[in-house]
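Asks: Generate a structure from the sequence data that follows.
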Amino acid sequence: MYRKTYVEIDEEQLKKNAKEIISKYPNYKYYFGVVKNNAYHHGIRVVNSIIEGGINYLAVSSLEEAIEIRKYNRTIPVLVLEPIDLEFIDDVINNKVTLMVDHLEYIEKLAKLPLPYKVNVHLKIDSGMNRLGFKNRKEINKAVEIIHEHKNLFLEGIFTHLATSGISDVFYDKQIDTFLELTKDLNLNDIPIVHVDRSLTFVTHEKLPFANGVRLGIVLFGFSGSRKKGTGFKARLREMKRQMIVKKNKISPTLLENSLQVQTAFRFYSTVMSLHHAKKGEFVGYNASYFLKEDGIIATIPVGYADGVTKEFGYVAIHNKRYPIISDSMDMIMVLVDPSVKIKDKVEIFGDTISVREASNRLHMNAYHLFNQISNRVPRIHKNKEGEFEIKY
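Replies: Here you go, the predicted structure:
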């Protein structure tokens, strides 16, 4: 690492998060760790840490991601959540990947292939998102029939994806009803894995009696989904309005708060590269975008919008104190500091002093987008019980 700008990933914290989730919600048999998009930009090497924490199945979005997992773990089952072109069926088999089947034509073509080994499949049901999945009960039944008749196809699972939390809307209940209607000709107890809920919904609803699996995405990375009730007038007004919506639409019981103690494991750091003393009335950065109202000290930090950091981040922290970002460029930001700041001081973009949640709120985006915004040119330093490992992309 030459630039001293890096992301630090605490794999031990991710393991703790997995253990915490499973201890608080112990009634599932299958805990899917959703590690798509390079484990939400935490680095796919974290899979073994969350497996040590109790995760017993992984889910990704593409065959490329599944094959990447196999560099770190050869045995954990991996479900790809999007259709895989059947021309790559050999790679599916060789890497022991579980197929998602979302329409009848796909399974008909799959059944005609000379499969040398058993392939596990999960049927995807479209319960309302209109993105992927079966929407016709007869086609679902036919797909199940085809799978059962093929000696090397095994119906391991069935699932759907929920669009909302269902806390103040009817869509969760509607999607559950649709899922049950579309699968009513099947005995769900005969299917080894039924997974419906995800990070946003498993904490807000009672466990579905027919489901024995849950998909864990952002919650694994430190976001519990707990919503604290406010005590002020506006908060009480919002809660009254929510209760009226719940009563009017007969929304099933939901929980706003939970006791999960999960923490983020993603911290973003840089260093003070240069210090400039500037006079009142001088400007800083491109387009003379910032003028000093009094004499000041400008720290230049080697991180910029090519790394995903702009002046909209608002602040950085140095020695646990916030300093305002006053200008940005592709590779550097400029920060207004005080005499206590020295060259080579560690700079926190977000971490312990400025939390991921605070940074994402200031940027008007959720944590998913914030993690994804940090570009792969920033090295990742992974920390676990064995030491530290640097990964460059």
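
Asks: got the contact list for residue 156?
Replies: Neighbouring residues of residue 156 by C-beta atoms under 8 Å, 6 or more residues apart in numbering: 98, 120-122, 191-193. Every C-beta, even on glycine, is put in place using the N, C-alpha and C of the backbone.

Asks: those helices in the stretch 101-250 of the chain, which residues are they?
Replies: Assigned by DSSP state H, counting those that start in this stretch, the helices in the stretch 101-250 of the chain fall at 104-111, 137-149, 171-182, 199-202, 233-249.

Asks: List the residues that contact the nearest residue to residue 25 once chain neighbours are set aside.
Replies: Distance criterion C-beta to C-beta, 6 or more residues apart in numbering; nearest residue to residue 25, sequence neighbours excluded, is residue 202 at 6.6 Å. Shown in contact with residue 202 (C-beta under 8 Å, 6+ apart): 25, 214, 216.

Asks: Low-confidence stretches in the protein?
Replies: The model of the chain has pLDDT under 70 over residues 229-230, 235, 393.

Asks: Give me the residue at the spatial middle of it.
Replies: residue 218 (3.6 Å; C-alpha atoms, centre = their mean).

Asks: ok, for that one, nearest residue in space, not its chain neighbours?
Replies: residue 199 (4.9 Å).

Asks: Name all residues that make contact with that neighbour.
Replies: 34, 215-220, 223, 225.

Asks: Filter these down to the ones in strands?
Replies: Among the contacts of residue 199, DSSP state E puts 34, 215-216 in strands.

Asks: re the thing from before, relative to residue 256, which of the contacts of residue 202 is nearest.
Replies: residue 25 (16.4 Å; C-beta to C-beta).

Asks: The closest one and residue 214 touch, don't they?
Replies: Yes: contact criterion C-beta atoms under 8 Å: residue 25 and residue 214 qualify, at 7.3 Å.

Asks: got the contact list for residue 214?
Replies: Contact analysis of residue 214 by C-beta under 8 Å, 6+ apart lists 25, 28, 30-32, 195-198, 202.

Asks: how about residue 290, phi and psi?
Replies: phi -130, psi 130 (degrees, to the nearest 10).

Asks: need the contact list for it.
Replies: 283-284, 326-327, 334.

Asks: from those residues, which is closest to residue 234?
Replies: residue 326 (33.1 Å).

Asks: Nearest residue to that closest one in space, please, no chain neighbours.
Replies: Here the residue nearest residue 326, using C-beta to C-beta, 6+ apart, is residue 290, at 4.4 Å.

Asks: hey, what's the one you found bridged with?
Replies: Beta bridges link residue 290 to residue 284, judged by DSSP bridges.

Asks: 28 is where my numbering starts, stick with that
Replies: OK, 28 is where the count begins now, so the last one is residue 317.

Asks: burial count for residue 412?
Replies: 9 (other C-beta atoms under 10 Å).

Asks: if I look at it, how far off is residue 42?
Replies: 9 Å (C-beta to C-beta, to the nearest Å).

Asks: on contacts alone, who are the packing partners of the helix or strand containing residue 117?
Replies: Per DSSP states H and E: residue 117 is located in helix 116-121. Applying 3 or more C-beta pairs under 8 Å, 6 or more residues apart in numbering; DSSP states H and E, we find helix 116-121 packed against helix 90-96, strand 146-152.

Asks: again, only this time at 6 Å
Replies: Applying 3 or more C-beta pairs under 6 Å, 6 or more residues apart in numbering; DSSP states H and E, one finds that helix 116-121 contacts no other helix or strand.

Asks: buried sites along it?
Replies: Under the neighbour-count criterion of 16 or more other C-beta atoms under 10 Å, helix 116-121 has 116, 119-120 buried.

Asks: Of those, which is the nearest to residue 184?
Replies: residue 119 (15.5 Å).

Asks: quick one: contacts for that closest one?
Replies: Contacts for residue 119 (C-beta atoms under 6 Å, 6 or more residues apart in numbering) come out as none.

Asks: How is this protein partitioned into domains?
Replies: 38-276, 293-418 (automatic domain parsing).

Asks: Need the distance between the two termini of the last one.
Replies: Taking C-alpha to C-alpha, to the nearest Å, domain 293-418 runs 14 Å from one end to the other.

Asks: I figured residue 152 hits residue 211, correct?
Replies: No: Residue 152 is beyond contact range of residue 211, at 11.6 Å (criterion: C-beta atoms under 6 Å).

Asks: So those two - more neighbours on which side?
Replies: A direct count of neighbours by other C-beta under 10 Å for residue 152 and residue 211 places residue 152 higher, at 24 against 11.

Asks: Can you tell me, leaving aside adjacent residues, what's nearest to the more buried one?
Replies: residue 187 (4.3 Å).

Asks: and that neighbour, how many neighbours does it have?
Replies: 25.

Asks: List the contacts of it.
Replies: Contacts of residue 187 by C-beta under 6 Å, 6+ apart are 152, 154, 206, 223.

Asks: residues contacting the third one?
Replies: In this case it means residue 206. Per C-beta under 6 Å, 6+ apart, neighbours of residue 206: 152, 154, 187.

Asks: Excluding sequence neighbours, find me the nearest residue to it.
Replies: Leaving out its chain neighbours, residue 206 is closest to residue 154 (C-beta to C-beta, 6+ apart), at 4.4 Å.

Asks: I'd like the distance from the one you found to residue 43, if you could.
Replies: 33 Å.

Asks: Between those two, tell me which one has more neighbours.
Replies: Neighbours were counted for residue 154 and for residue 43 using other C-beta under 10 Å; residue 154 has more, 27 against 17.

Asks: Just confirm that one contacts residue 202, I think it does.
Replies: Yes: with contact defined as C-beta under 6 Å, residue 154 reaches residue 202; the gap is 4.0 Å.

Asks: I'd like to know how many residues surround the closest residue in space to residue 365 that isn't next to it in sequence.
Replies: The shortest distance from residue 365 to any non-neighbouring residue, by C-beta to C-beta, 6+ apart, is to residue 324 (6.6 Å). Residue 324 has 16 neighbours, counted by other C-beta under 10 Å.

Asks: Now do residue 287 against residue 227, distance only.
Replies: 13 Å.
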